[in-house]
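1. coords below, sequence missing:
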């Protein structure tokens, strides 16, 4: 009997506690508490009360507004988005709500949804958000890069172990200077067109064996001109399709022996090779990141590349205070010699916010990056050697809302091999390191 009374007693206590909680967590009390926290800009308290209220089944327009703006004020844009969207679904007349939702779309890379929302703005809000008309370009980028050998003795002490009767060649990059310029154009609300030009000036150490004679060129100079174009189409608020291509022109000197009227002299002419790459990538955004898959086909350095990529980006805190991107790549390459190579490459990037205007990124890539295409086909490693791994860091500075400056240092472990001209067989590998520094200036309009 006593045991039954104890059970009934505890049940009554639990019921009273639950009843008390329900009385405290009423719509009116939540409205009052969240409004007071709103006036005091106590965003942490507002978020805590609002989450408890939603868990208890209490939901109303101003709760969603306040909770969305509280997350926004904390810089947690991905968490703010569903609450601002729900508030907008209930009431589409408030200009201040439209403005918060518009910038939340932009900060979560949902630019097409932001464009569509901006098209509904009244004239005053369009003027305030600078969305009266679309600019000719909304992004401009200008960059410079340099790569150089970490140890000059690799060339100074070069010795080839290749069979002297074999015809073949071997290249070691000495220095690479690159200039880059990119421009992005908005086309309608759901499409953006981006294109870029890249010029590279490359000096190699070249070793050639031909008909029993060995020769060395230091430097052997080539020039590369590249044009990249890509269209980014928003298929829905969270789904994007990027399709594009990359044209590559390589200009190199060829020296031949000319005999005329009994006299022998050397004639150097400039030849060119043209390569291309085409790609398509589909990105699905979710609350705390995005997942993308893509396919690329290329004809780089007299070979055919079939490449598949899977890219996962995560924002653990719902913003760019901390983010990570992992890319897994499978590449199958078919050479003109009839050989086939299958490769796996993994690229990892981790970035975080240092201050209100400074971000730091670190990255590392493992796997042979021979003729590899990255960043949706924007970067092509069309080199005469093979990068086996790379790692480095980027410092990203935002001096204003429209400008950013990126400074980058990287180190690459590379291998150069003697390649038989007839069979494509590689031998006499030489390993060395290379430094890479670059800068990128970006202007958003």
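-> Cool, the structure landed. Only a predicted model underlies this, so the values are computations on that prediction, with no experimental measurement involved.

2. Name the spans of the protein whose pLDDT lies under the cut-off.
-> Across the chain, the ranges flagged by pLDDT under 70 are 1-25, 261-262, 265.

3. which one's the longest strand in it?
-> In terms of residue count, the longest strand belonging to the chain (DSSP state E) is strand 263-286.

4. What strands flank it, and is each parallel or antiparallel?
-> Strand partners for strand 263-286, identified by DSSP bridges, are recorded as strand 239-260 (antiparallel), strand 289-298 (antiparallel).

5. Next, the buried residues of the last one.
-> Pointing back at strand 289-298 there. 289-290, 292, 294, 296-298 (16 or more other CB atoms under 10 Å). Glycine gets a C-beta too; all of them are placed from N, C-alpha and C.

6. swap in stretch 37-51?
-> Of all the residues in stretch 37-51, those buried under the rule 16+ other CB under 10 Å are 37-38, 43, 45-47, 49-50.

7. what distance separates it from the centre of its chain?
-> Taking CA atoms, centre = their mean, to the nearest Å, one finds the center of stretch 37-51 at 35 Å from the center of the full chain.

8. Would you mind pulling the contact partners of that stretch?
-> Contacts to stretch 37-51, defined as CB atoms under 8 Å, 6 or more residues apart in numbering, come from residues 30, 33-34, 63, 66-67, 69-71, 73-74.

9. So what pairs up with the nearest residue to residue 276 once chain neighbours are set aside in the strands?
-> Leaving aside its chain neighbours, residue 276 sits nearest to residue 247 (5.4 Å; criterion: CB to CB, 6 or more residues apart in numbering). Going by DSSP bridges, residue 247 is paired in beta bridges with residue 227, residue 276.

10. cool, the one 4 residues further on as well?
-> With beta bridges defined as DSSP bridges, residue 251 has these partners: residue 223, residue 272.

11. Now do the same contact list for it.
-> For residue 251, the contact set (CB under 8 Å, 6+ apart) comprises 222-225, 270-272.

12. Can you pull the phi/psi pair for residue 29?
-> The phi and psi torsions at residue 29 (degrees, to the nearest 10) take the values phi -70, psi -40.

13. Around it, how many other residues sit close by?
-> Number of residues near residue 29 (other CB atoms under 10 Å) recorded here: 14.

14. measure it to residue 55 for me?
-> When distances are taken as CB to CB, to the nearest Å, residue 29 and residue 55 turn out to be 15 Å apart.

15. With distance to residue 340 as new columns, can the strands paired with strand 263-286 be given to me in JSON lines?
-> As requested, these are arranged in JSON lines below (distance: least, CB to CB, whole Å):
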{"stretch": "strand 239-260", "distance to residue 340": "22"}
{"stretch": "strand 289-298", "distance to residue 340": "15"}
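
16. Would you tell me which of the ones you listed gets closest to residue 166?
-> The stretch from the strands paired with strand 263-286 with the least distance to residue 166 (CB to CB) is strand 239-260; that distance is 20.5 Å.

17. And the closest one, how far out from the chain middle?
-> Mean C-alpha position of strand 239-260 versus that of the full chain (CA atoms, centre = their mean) differs by 25 Å.

18. List the buried residues in that strand.
-> When neighbours are counted by 16+ other CB under 10 Å, the buried residues of strand 239-260 are found to be 240, 242-246, 248, 250, 252.

19. With stretch 270-279 instead?
-> Of the residues in stretch 270-279, those scored as buried under the neighbour-count criterion (16+ other CB under 10 Å) are 273, 275, 277, 279.

20. got it, and stretch 402-422?
-> Those would be 404, 406, 408, 410, 412, 414-420, for stretch 402-422 by 16+ other CB under 10 Å.

21. Then stretch 107-116?
-> Neighbour counts using 16+ other CB under 10 Å place 107-108, 110-116 of stretch 107-116 among the buried residues.

22. would JSON lines of the buried residues of strand 239-260 with distance to residue 433 be doable?
-> Compiled in JSON lines, the buried residues of strand 239-260 are given as follows (distance: CB to CB, whole Å):
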{"residue": "240", "distance to residue 433": "37"}
{"residue": "242", "distance to residue 433": "34"}
{"residue": "243", "distance to residue 433": "37"}
{"residue": "244", "distance to residue 433": "33"}
{"residue": "245", "distance to residue 433": "33"}
{"residue": "246", "distance to residue 433": "27"}
{"residue": "248", "distance to residue 433": "26"}
{"residue": "250", "distance to residue 433": "25"}
{"residue": "252", "distance to residue 433": "25"}
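
23. biggest separation within those, which pair?
-> Spatially, the most separated pair among these is 240 and 252, at 38.0 Å (CB to CB).

24. domain assignment for the chain?
-> With automatic domain parsing as the criterion, the domains of the chain are listed as 2-129, 139-444.

25. follow-up on the earlier one: contacting residues for the residue nearest to residue 276?
-> Contacts for residue 247 were tallied using CB under 8 Å, 6+ apart; they are 226-228, 274-276.

26. for residue 441, same thing?
-> For residue 441, the residues meeting the contact criterion (CB under 8 Å, 6+ apart) are 141-143, 403-406.

27. The same query, at a cut-off of 6 Å, please.
-> The neighbours of residue 441, taking CB atoms under 6 Å, 6 or more residues apart in numbering as the test, are 142, 405.

28. What strands flank whatever helix or strand it lives in, and is each parallel or antiparallel?
-> Assigned by DSSP states H and E, residue 441 belongs to strand 426-444. Applying DSSP bridges to the sheet, strand 426-444 is found paired with strand 139-149 (antiparallel), strand 403-420 (antiparallel).

29. Can I get those strands in CSV including distance to residue 170?
-> Written out in CSV, the entries for the strands paired with strand 426-444 read as follows (distance: least, CB to CB, whole Å):
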stretch, distance to residue 170
strand 139-149, 15
strand 403-420, 4
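
30. Return the member of the buried residues of stretch 402-422 nearest to residue 127.
-> For the buried residues of stretch 402-422, the nearest to residue 127 is residue 404 (25.3 Å; CB to CB).

31. What's opposite the closest one in the beta bridge?
-> Here residue 404 sits in beta bridges with residue 442, as judged by DSSP bridges.

32. dump the residue contacts of residue 100.
-> Per CB under 6 Å, 6+ apart, neighbours of residue 100: 69, 72, 84.
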